[in-house]
Structure formats: C-alpha cells, structure tokens
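Colleague: 3D model of this:
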Amino acid sequence: MTKELNTIGVLTSGGDAPGMNACIRSVVRAALSAGKKVKGVRRGYAGLLDEDIIDMDSRNVSDMIQRGGTVLYTARCPEFKESEVQDRAAEICRKHGIDGMVVIGGDGSFQGAGRLAERGINTIALPGTIDNDIACTEYTIGFDTAVNTAMECIDKVRDTSTSHERCNIIEVMGRGAGYIALWCGIANGSEEILTSETYDGKLDAIIGRIKELRSKGKKHYIIINAESVGNSNEMAKLIEMATGMETRATVLGHIQRGGGPTAADRVYASMFGAKAVDLLLEGKTNRVVGMKGGQFVDYDIAEALKMTKTADPWMVELGRRLVR
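Modeller: Residues are numbered from 1 along each chain as shown. Below is the predicted model:
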C-alpha cells in the first residue's frame, strides 16, 4: 500500500528564472487546498543540506506572483552529486516530515531530484530556466520573460546604433542553446543571428555581407550573438578593422533573468506547480513535467535527461531568410 503523503516540500535550484515565484505559490496553494502541509527549502539543495527549511502557508505566498527571482533563493550545490550527500539529504527530508518534493530548475536539478526519488522521497521536477534548453518540454519557466526583456533592450540598442551608424553585436544568454538569440533575432529584425546551428566561427561571410549592405546605403547593422557561440568583444574588433564601420559589443547578461514575469510565465508556471502537486497526490515519483502541443505531460526523470533538443530547423531557416 502506498504511504499517504502528508507534507510537500518545494525548492528552486540552479539559475533563477522569472515565474519561479508563481510556481512556488501554485505548489503551496494547491497542496494546502488538498489538506497537505508545505515546507519551503531555501537555497536549493545546499539549503536542504543545511536544513534551511521553513513552514509555508497562504500568507507566505501572497503578493508574489508578479515578482521576479525566487523567494526561496537558489544556489549551486556541486557536492550533491556524491552518494553520501544524497543519503543525508533524504534523511533530512524524513526528519522534517517531507514525503514529497517539488524541484524547480534545470537538468542538474533534475538529476538531484532523481537521486532523492531513489531514496524514497516522492519527487516531481519542473522545468525552470530562461534557456528553454530542456528536451522534454516545449516551454520552460522564465523563457518568455527573458525573451521579452532582451527584445526590449535590443530595440533600445538599435536606436542608438542607427543614430551613430554603427554595427552592434548584442550578446544574449542561453549557455549552449540559441533559443533566446533565435527568437530575438526574428523579433528584433536583426541582420545576423549567431547560434550553434547558424555560425561556424568564421567572420568572413558576415564581414562580406556588412560591406555589401554598406555599399547599398545601409547605415547600421545588428548582430544577435548567443552566449558561448562567439566572443562578442573580439568579433567587434575584427569587424571594425575589416569594414571600417564603428562596431560595439553589448552583453545583456543577467538583466534577462530579472523583472516581473510575463502573463505567459505566470500562467504556465502556475499550471506546472499545480500539476506537480496532482502527480504527488496520485502517488507518482521520479517524474518531470513538460509541455507538448499545449498539453502537460510527465516523463521518468532518467528518460527525460536522455532526450536531446535542437532548434526547429524551419525556424532557423526562417531566421536566415528574414534577416537578409
């Protein structure tokens, strides 16, 4: 017989993402409405090991759905990869009466969730990352807000780029994934989109296009560069030397992680949180929730981690067609 679940824990791990607070709020209120207790674990797995655990009620999560970041804080915890540390974490959960855990984060956070599940803590993982690089889902909490933040910043850079007749290389976040760059490249009407799928590390073709467009009277040039694809500052120097066009690099950085979440991130994050509680109430464990075709689905965590994700080839081609 499945043991009745009485207390649900919730934590955020890895990089923060707009919408995490909406998700926490949903987990807490969905659990309370089912008559369960809720405990918040602050600072992710590191906080779990330090027993930084608080009781949560409706008042804890009021007036927060519109706030960016995570009220539970977050941290990296490399030592959680060690088996003895995972054993201790499971014992801490039991000590505090936590028999179900919701983990909001990325791939590394999912691995930790899987280790807790192996040790008898019913665990559900939710995709929270601005990078949108989790293969089992079409949407990740925070991506929509990050794209809109970057888009607005790029619009502003274009204004000054046009005024000074410059080339601007604007670097957006995403680690090895180019989803923010691809979406912004199309949304901002950039002249180049550099992602792992579109850029081979050679500037000759880009320099040639800049020269061609300048000869036709174009006064400015916007290049969107995905983080980790190319060195924006070095590229700016080389382009300016080769074309004579003043070229600046702008790294948007962590501004993309902050700010109040968009309506999409608030609503979808709330739905993810409620879905996680529903799965725990059904006795499920070792599952990660994703969105496919507008529907919420769940996978075994190990199965989800084996999946791979690349940008839609048609969207990549669209980016090439629209920016030329």
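Colleague: count the neighbours of Gly290 for me.
Modeller: The number of residues packed around Gly290, counting by other C-beta atoms under 10 Å, is 24. C-beta coordinates here come from the backbone N, C-alpha and C atoms, glycine included.
Colleague: hey, what's it bridged with?
Modeller: For Gly290, the beta-bridge partners are Val297 (DSSP bridges).
Colleague: contacts only, for it.
Modeller: By C-beta atoms under 8 Å, 6 or more residues apart in numbering, Gly290 lies in contact with 127, 134, 136-138, 296-299, 304.
Colleague: want to throw those into CSV with neighbour count?
Modeller: Output for the contacts of Gly290, formatted as CSV (neighbours: other C-beta atoms under 10 Å):
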residue, neighbour count
Pro127, 32
Ile134, 27
Cys136, 24
Thr137, 23
Glu138, 16
Phe296, 18
Val297, 14
Asp298, 19
Tyr299, 20
Ala304, 22
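Colleague: so of those residues, which ones are in strands?
Modeller: Here DSSP state E is the test, and those give 127, 296-299 as lying in strands.
Colleague: from these, which is closest to Asp200?
Modeller: Closest approach between the ones in strands among the contacts of Gly290 and Asp200, by C-beta to C-beta: Pro127, at 29.9 Å.
Colleague: so where does Ile186 fall, helix or strand?
Modeller: According to DSSP states H and E, Ile186 maps onto helix 179-187.
Colleague: quick one: mean pLDDT over the one helix or strand Asn225 maps to.
Modeller: Under the criterion of DSSP H and E, Asn225 resides in strand 221-226. Across strand 221-226, the average pLDDT comes to 96.
Colleague: got a list of contacts for it?
Modeller: Everything outside strand 221-226 that qualifies as a contact, by C-beta under 8 Å, 6+ apart, is 154, 157-158, 161, 166-172, 174, 177-178, 180-182, 184-185, 188-196, 206, 210, 213, 232, 235, 245.
Colleague: can I have the buried ones of these as a ChimeraX selection?
Modeller: The following ChimeraX line selects those of those that are buried, judged by 16 or more other C-beta atoms under 10 Å:
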select :154,157,158,161,166,167,168,169,170,171,172,174,177,178,180,181,182,184,185,188,190,191,192,193,194,195,196,206,210,232,235,245
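Colleague: remind me what the helix holding Ile186 packs against, helices and strands.
Modeller: In terms of contacts (3 or more C-beta pairs under 8 Å, 6 or more residues apart in numbering; DSSP states H and E), helix 179-187 is packed against helix 143-164, strand 167-172, strand 192-194, strand 221-226, helix 313-323.
Colleague: contacting residues around the second one?
Modeller: With C-beta under 8 Å, 6+ apart as the test, strand 167-172 has contacts from 150, 153-154, 157-158, 161, 180-181, 184, 190, 210, 220-227, 232, 235-236, 239-240, 243, 245-252, 256.
Colleague: got a list of what the residue nearest the centre of the chain touches?
Modeller: By C-alpha atoms, centre = their mean, the chain has its centre lying nearest to Thr129, at 1.5 Å. Neighbouring residues of Thr129 by C-beta under 8 Å, 6+ apart: 14-15, 17, 105-106, 140-143.
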